[in-house]
Structure formats: C-alpha cells, structure tokens
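Peer 1: Okay, here's the prediction I keep looking at, along with the sequence it came from:
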Amino acid sequence: MITVRRGAAAFAAAAVLCTGAVPVASAAPSPSATPAPVIPAGLYGTKDPTYDGVWRQSLAFVAQTTSGVQPADEAVTWLRKQQCDSGAFTSYRPDPAKACDPATMLDTNATAVAVQALTGVGRGSTDPEPLAKAAAAGAGWLKGVQNKDGGWGYNPGSPSDANSTSIVISALTALGEKPGEVKSAEGRTPYDALLALALPCSAKEGAGAFAYQPDKDGKLLANADATAAATLAGLGKGVTARGVEPQQSPVCTDLAKPTMDRAALNGASYLAAALAKTGHLNTPPMPGAADPAEQPDYGNTADAVVALAATGATKEASGALAWLQKNGASWAKENGPAAWAQLVLAAKAMHVDPRAFGGTDLLKELGATGPAPQASPSAAAKAGDDDSGSFDVWWIIGIGMVVGVGIGFLVSGRKK
C-alpha cells in the first residue's frame, strides 16, 4: 500500500510527454535560470508540489499524528482547501479558490491518503467535525468511482492497480467501513481486484508477489511496491501497523481457493526473500538509462519493513531496518517530508523510537519541513504506541502511476 510513493517527478512526466517525439533541428536556446517553485504557506517541503503536494502533506500528518504530534492549524487548513466540492483531491491545486471542473485531473491516491490524514488530525483537534465531514466526503467520492472489477486506478476510470486499490482500502477502513462489503455494480470487492493481481507460489519468478497491473500481454510481473501495499491491505492494516507476536517466518502456500489473508502472507514471503539478498530493495534502471545498475530503493524498503512487521516477520525485517538506520537520513534530507514520514512509520512498525533512529530525530526533521506542529515530538511516547491494527493509512506506498488525460504521466511514488 505502500510505497512511496510519490516524489515530485516532473522529470518523469516530461519523459512520457516527449516519448516518440521527433527531434527538430533548432538553434540552441540561451541558458536561463529555472525559477524556484512557489511554496504556499502551510505546505510541507520546499520542492515543486505539482505532483505530490497533497501526498507529502498527508503522509507527514499520518506520521505525526500516529506519533502524538498534532500538525499546525495552518498546515491542516492548507490540506482542507485542496479538496474539491465533490470530496475528491488532485495531486495539487495551485489556486484553491478556483473550483474544480471537468478538466481537473482527480487523483484517487491523493484522495485516499488525505482521507486518512484528516481522520488522524481530527482525533487531536478541538474542532473535529469539519475534518470528519471532509474525510467522509473523500471516502464517498472514492466509492463512487470504484471500477467494475472492485478496484481503483490512479485516476477515475483508469485500470485498477494494486497500489491504488490498497490505499483506498486503507482509507475506507480508517473510517470504520468494511472494504469487503464495498462492492461495484457488478458485485466485485476490492479484494477481488487484489487477488487477480497475486502471483501463485508455483510461479517461476516472483512467487507470492503482487503485480502492479498486468502487462500488455496480460502477464503478472512481481512488483515489490505493489506487494508491500497489497500485503498490508490483505491483512486489514496500513503503514501505521506495528510488529505482532508471535514472530513467524512467512511461507508461500497456494490454496485450492485463494483467500486474501493467505495471499497477503505469500506477499510477505516474497518481500522477505527479496530483502535477504542485500538487506534492501532495489529500483530497476529506467529504460535507456546510461547506467544499467540497480539503485537502492529506500522508500520501498521502508514499506517492506512495515509489511513484514505486520505479519510477525520482524526477524526478516530487522536487517532492512538497520540498513535504513544507517542510510535513510541522507535520502530523506534530499526527498523531503514524505521520505521522513516513511522512515518514522518503519521505525514505529518495529517498535523503534523514531526520535533516536540511527542517531537522527525523525520527528524533529519531519516537523522542520513545514509549520511548527502544535505538539512537541516528545509527546510521541504517550500517543504513538497505540496499535489498533486498523488501516489508518497505507504506502504505499510509492508510488504509483499518474494516468493523465489522453497520454498520462508516469510518476514515481517517491523520487528515486
């Protein structure tokens, strides 16, 4: 549900937009400085929010509120104003005073994580009713755009994918709804959509994993980000999950009639095997990249830690957590609030104090990316260990795909 998912990836959008374009000879343009992005008051982070404004704000709120830290009113107001009248959110609205119209690219992932963020903030607010209404409106919109197969795609009407379906499940559960009872007009549930993306244990490659979507030939290819997201969704948990007892090593087992909880445990077995190789997950090279070597994927590694901890596989997750403690801070400094939030959630999943994570106070660093929170991170110890097992948020999880009108944008869940 997981992964991350969503760094400001304008470069990826540009790459997709330019695919297939024929070069035209022209004079070299004179160099000009790129103007710094305008960051609205109340928004976390310093980078261009076009593709991840709502996502990074919401994920920051989730990490803070689950740690006993209440965001500033200014920051909460910014998020509320991003919501359209329909209840939906886009990735970012530069002018919230302008009403959303049919051309507005609505975003199921941004809506789902905002629903969870507003739900968490509402618990610590002195005026929770408006936040609860906003969250309910977002959930209502999500149910209204459910696909026939029971799942969701990144944008309304786009094909269902594991990440989007999982994060919507988390949003519905955060509001006390039962995702298994949320059915499309054809009677399909979100779990039907996820099970259709699960690879069997008998698969030659990617046994037990989940695919993001079928490829153009209908084949399912293992995707670690999608697997972490779907593992949590199948367990009825999200990235606020904690390690459970008894500890157990996940084993991949095929059933004559697949079930969602069994598929989730199979997903955990895939993640455990993937982490055992290097202690972290890798991101495959971009097509046509000069350097074909794989690079460490910090965000997906953090998501995998949460997913494994939620199944009781804390032993299998411990090596990856240690790797994040050693290397994660430098990645988060570059990538901003959503990255700091993912590290916070990974730490809490493993019952590690996020204020002392490899020598770094993650909550302090996260808080420094936006308006000063109302509560000091020192309050985390009192409120942050409440593990209801509910789906307060997912990461999935990163992230993901942005399907634009006509041609679409390919967006990384987090900046690689």
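Peer 2: Yep, it's here. Numbers count the residues shown, from 1 in each chain.
Peer 1: Test my guess that Asn266 contacts Ser202.
Peer 2: No - because the distance of 11.0 Å does not satisfy Cβ atoms under 8 Å, Asn266 is recorded as not touching Ser202. In this view, the C-beta of every residue, glycine as well, is placed from N, C-alpha and C.
Peer 1: who has more neighbours, the two?
Peer 2: The neighbour comparison of Asn266 against Ser202 (other Cβ atoms under 10 Å) goes to Asn266, with 28 against 9.
Peer 1: show me the contacts for that one.
Peer 2: Shown here is Asn266, whose contacts under the criterion Cβ atoms under 8 Å, 6 or more residues apart in numbering are 198, 201, 207-209, 250, 252-254.
Peer 1: list the residues that contact both of Asn266 and Ser202?
Peer 2: The overlap between the contact sets of Asn266 and Ser202 (Cβ under 8 Å, 6+ apart) consists of Asp254.
Peer 1: Report the distance from stretch 63-81 to the chain centre.
Peer 2: Its chain's C-alpha centre and that of stretch 63-81 lie 17 Å apart, by Cα atoms, centre = their mean, to the nearest Å.
Peer 1: Report the buried residues of it.
Peer 2: By neighbour count with 16 or more other Cβ atoms under 10 Å, stretch 63-81 contains the buried residues 63-71, 75-76, 78-79.
Peer 1: between those residues, which is nearest Trp141?
Peer 2: Of all the buried residues of stretch 63-81, the one sitting nearest Trp141 is Leu79; the distance, using Cβ to Cβ, is 15.6 Å.
Peer 1: pLDDT score for the closest one?
Peer 2: As predicted, Leu79 sits at a pLDDT of 98.
Peer 1: Make sure it is indeed in a helix.
Peer 2: Yes - with DSSP: H, G, I helix; E, B strand; the rest coil as the criterion, Leu79 is assigned to a helix.
Peer 1: That one touches Ala114, doesn't it?
Peer 2: Yes - in terms of Cβ under 8 Å, Leu79 counts as a neighbour of Ala114; the distance is 6.3 Å.
Peer 1: so what sits against both of these two?
Peer 2: Shared contacts of Leu79 and Ala114, counting by Cβ under 8 Å, 6+ apart, come down to 54, 57-58.
Peer 1: Pull out the buried residues from these.
Peer 2: 54, 57-58.
Peer 1: Just these: which are in strands?
Peer 2: Among those, the subset assigned to strands under DSSP state E is empty.
Peer 1: can you redo those residues as JSON lines with distance to Ile39 and pLDDT?
Peer 2: Below are these laid out as JSON lines (distance: Cβ to Cβ, whole Å; pLDDT from 0 to 100):
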{"residue": "Val54", "distance to Ile39": "14", "pLDDT": "98"}
{"residue": "Gln57", "distance to Ile39": "11", "pLDDT": "98"}
{"residue": "Ser58", "distance to Ile39": "16", "pLDDT": "98"}
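Peer 1: Sort out for me which of the residues you listed are in helices.
Peer 2: Of those, the ones assigned to helices by DSSP state H are 54, 57-58.
Peer 1: What is the nearest of these to Tyr154?
Peer 2: Val54 (13.1 Å).
Peer 1: wait, what's in contact with the closest one?
Peer 2: 79, 82, 89-92, 107, 110, 113-114.
Peer 1: Looking at those, state which has the most neighbours.
Peer 2: For the contacts of Val54, the largest neighbour count, defined by other Cβ under 10 Å, is 37 neighbours, found at Val113.
Peer 1: Could you measure from that one over to Pro190?
Peer 2: 16 Å (Cβ to Cβ, to the nearest Å).
Peer 1: in the stretch 251-400 of the chain, which spans are strands?
Peer 2: For the stretch 251-400 of the chain, strands defined by DSSP state E, counting those that start in this stretch occupy the ranges 282-283, 295-296, 397-398.
Peer 1: hang on, the earlier thing: can you lay out the contacts of Val54 as TSV showing distance to Ile39 and secondary structure?
Peer 2: Formatted as TSV, the contacts of Val54 follow (distance: Cβ to Cβ, whole Å; DSSP: H, G, I helix; E, B strand; the rest coil):
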residue	distance to Ile39	secondary structure
Leu79	14	helix
Gln82	14	coil
Phe89	18	strand
Thr90	17	strand
Ser91	15	coil
Tyr92	11	coil
Asp107	20	coil
Ala110	18	helix
Val113	20	helix
Ala114	18	helix
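Peer 1: which one of the residues you listed sits closest to Ala230?
Peer 2: Lowest distance from Ala230 to the contacts of Val54 (Cβ to Cβ) belongs to Val113, with 16.3 Å.
Peer 1: Where does pLDDT dip in the stretch 151-300 of the chain?
Peer 2: 284-293 (pLDDT under 70).
Peer 1: Helices along that one, start to end?
Peer 2: Taking DSSP state H, counting those that start in this stretch as the test, the helices found in the stretch 151-300 of the chain are 162-174, 190-195, 224-235, 260-278, 298-311.
Peer 1: Turn those into a markdown table, including distance to Ala136.
Peer 2: Conversion of the helices of the stretch 151-300 of the chain to a markdown table gives the following (distance: least, Cβ to Cβ, whole Å):
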| stretch | distance to Ala136 |
| --- | --- |
| helix 162-174 | 11 |
| helix 190-195 | 18 |
| helix 224-235 | 21 |
| helix 260-278 | 25 |
| helix 298-311 | 26 |
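Peer 1: Flag every buried residue along the longest helix along the chain.
Peer 2: For the chain, the helix with the greatest residue count under DSSP H is helix 314-335. Using 16+ other Cβ under 10 Å as the burial criterion, the residues of helix 314-335 that qualify are 314, 316-318, 320-321, 323-325, 327-329, 331-332, 335.
Peer 1: do stretch 253-268 as well
Peer 2: 260, 262-268.
Peer 1: residues in contact with Ala112?
Peer 2: Contacts for Ala112 were tallied using Cβ under 8 Å, 6+ apart; they are 138, 142, 164, 167-168, 170-171, 394.
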